[in-house]
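Novice: From the sequence below, what's the structure:
(one chain, ligands or ions: 1)
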Amino acid sequence: MPEGDTIFRAARTLHRALAGKPVTSFESAFPALARIHDDAPLTGRTIDCVSAAGKHLLKSFSGGLVLRTHMRMNGRWHIYRPGERWQRSRVEMRIVLSTADFQAVGFNITVAEFFKERELQRHEELRQLGPDLLSGDFDAGEALRRMRARGDTAVADALLNQRVMAGIGNVYKSEVLFICRINPFALVEALDEPQLESLIASARRILLANVTEGLAAMTTYTGFRRTTRSDDPKNRLWVYGRARLPCRRCATPIAVRKQGKDARLTYWCPKCQA
Ligand SMILES: [Zn+2]
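Specialist: Have a look, this model is predicted:
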């Protein structure tokens, strides 16, 4: 599952490549999207803005139309120059949005819909998102309140809950808990206020750090991929993906266990996060 920073960077890259440009063609494997394109063609509309809302990617077009996509586990957006060879098979293609200069291709996107800009405020899933950790007006107090409202939830699951805070995925979940030395299975109600505040602050700090690194203007797939992969994550992370390897602080073997209703892997140090 992509983390919020991945979506944020994807949105920024897509925005740089596409914003302000008219759509020259649109194609989708989703019948509902193709149907709307037939009724109210995208071709000729200008792409006003590409933005991230939690893990949702929003593309706004002139005329007040918004395309929302969610990548779930395997979805990806790639950017190509016209005629450039795709890095994934055509059968994985779900959406192709072209301008004169670029082709944005959504592969294995599982959720996609058009809606009217004026319906944005009422959009059920977007409305329920918690404070966005990457937003300029992130409301830490509201995030804290929403954490507290889930007192009987294991803290790792609360961090993943996009209705509490939007942006944390499974990697940063484990990382943030390690950094704050909090056991992933502790119930939220067992944590005091400074602990919850430190989790929220660390989550925001890590996500921001991963989107503010100097990224050159990205034009082709190669550049785009650099934003979504981490340089050898095994060396860059504290605990995630490091089962049985020695803790970087205390050398205790890192533990791993499935957690929560979706059985997501949680990594932690049994000593640092007792
Ligand atoms: Zn340790």
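Novice: Would you verify that Gln195 is located in a helix?
Specialist: Yes. Judged by DSSP: H, G, I helix; E, B strand; the rest coil, Gln195 forms part of a helix.
Novice: Skipping its backbone neighbours, what lies nearest it in space?
Specialist: Computed as C-beta to C-beta, 6 or more residues apart in numbering, the closest residue to Gln195 that is not its neighbour in sequence is Ile182, at 6.0 Å. Bear in mind the C-beta positions are built from the backbone N, C-alpha and C, glycine included.
Novice: Then Lys21?
Specialist: Excluding its sequence neighbours, the residue lying closest to Lys21 (C-beta to C-beta, 6+ apart) is Thr99, at 3.9 Å.
Novice: Kindly report the same for Glu193.
Specialist: Excluding the flanking residues, the one nearest Glu193 by C-beta to C-beta, 6+ apart is Leu144, at 7.6 Å.
Novice: what kind of secondary structure is that neighbour in?
Specialist: Quick answer, by three-state DSSP: Leu144 is helix.
Novice: and what of Glu189?
Specialist: For Glu189, the reduced secondary structure class is helix; criterion used: three-state DSSP.
Novice: Please report how far it lies from Val155.
Specialist: 10 Å (C-beta to C-beta, to the nearest Å).
Novice: Please say which of those two ends up with more neighbours.
Specialist: Neighbours around Glu189 and Val155, counted as other C-beta atoms under 10 Å, are more numerous at Val155. The numbers are 26 against 12.
Novice: what does this protein have sitting close to the ion?
Specialist: Applying the criterion C-beta under 5 Å from the ion, the portion of the chain that neighbours the ion consists of 247, 249-250, 252, 269, 271-272.
Novice: Which one of those sits in the busiest neighbourhood?
Specialist: Greatest neighbour count in these, by other C-beta under 10 Å, goes to Cys269: 25 neighbours.
Novice: what's near enough to touch it?
Specialist: When the contact criterion is C-beta atoms under 8 Å, 6 or more residues apart in numbering, the partners of Cys269 are 178, 239, 247, 249-250, 252, 254-255.
Novice: Can you get me a residue count around the residue nearest to Gln195?
Specialist: By other C-beta under 10 Å, the residues close to Ile182 number 23.
Novice: Tell me which other helices or strands the helix or strand containing Phe8 touches.
Specialist: Assignment of secondary structure by DSSP states H and E places Phe8 within helix 4-18. Counting contacts by 3 or more C-beta pairs under 8 Å, 6 or more residues apart in numbering; DSSP states H and E, helix 4-18 is packed against strand 47-53, strand 56-61, strand 76-80, strand 103-107, helix 193-212, helix 221-228.
Novice: just checking, the residue nearest to Lys21 touches Pro22?
Specialist: Yes. Under the contact definition of C-beta atoms under 8 Å, Thr99 touches Pro22, with a separation of 6.6 Å.
Novice: Specify which residue of the two has the higher count of neighbours.
Specialist: Thr99 (19 against 14).
Novice: roughly how far apart are the more buried one and the ion?
Specialist: To the ion, Thr99 is 49 Å away according to C-beta to the ion, to the nearest Å.
Novice: so who does that residue touch?
Specialist: Going by C-beta under 8 Å, 6+ apart, the list of residues near Thr99 reads 17-18, 21-24, 47.
Novice: Between the residues you listed, which sits nearest the ion?
Specialist: Here the nearest of the contacts of Thr99 to the ion, counting by C-beta to the ion, is Ala17; it sits at 42.3 Å.
Novice: Next one, pLDDT for the nearest residue to the closest one once chain neighbours are set aside please.
Specialist: With sequence-adjacent residues excluded and distances taken as C-beta to C-beta, 6+ apart, Ala17 is closest to Phe102, at 4.6 Å. Turning to Phe102, the model gives it a pLDDT of 94.
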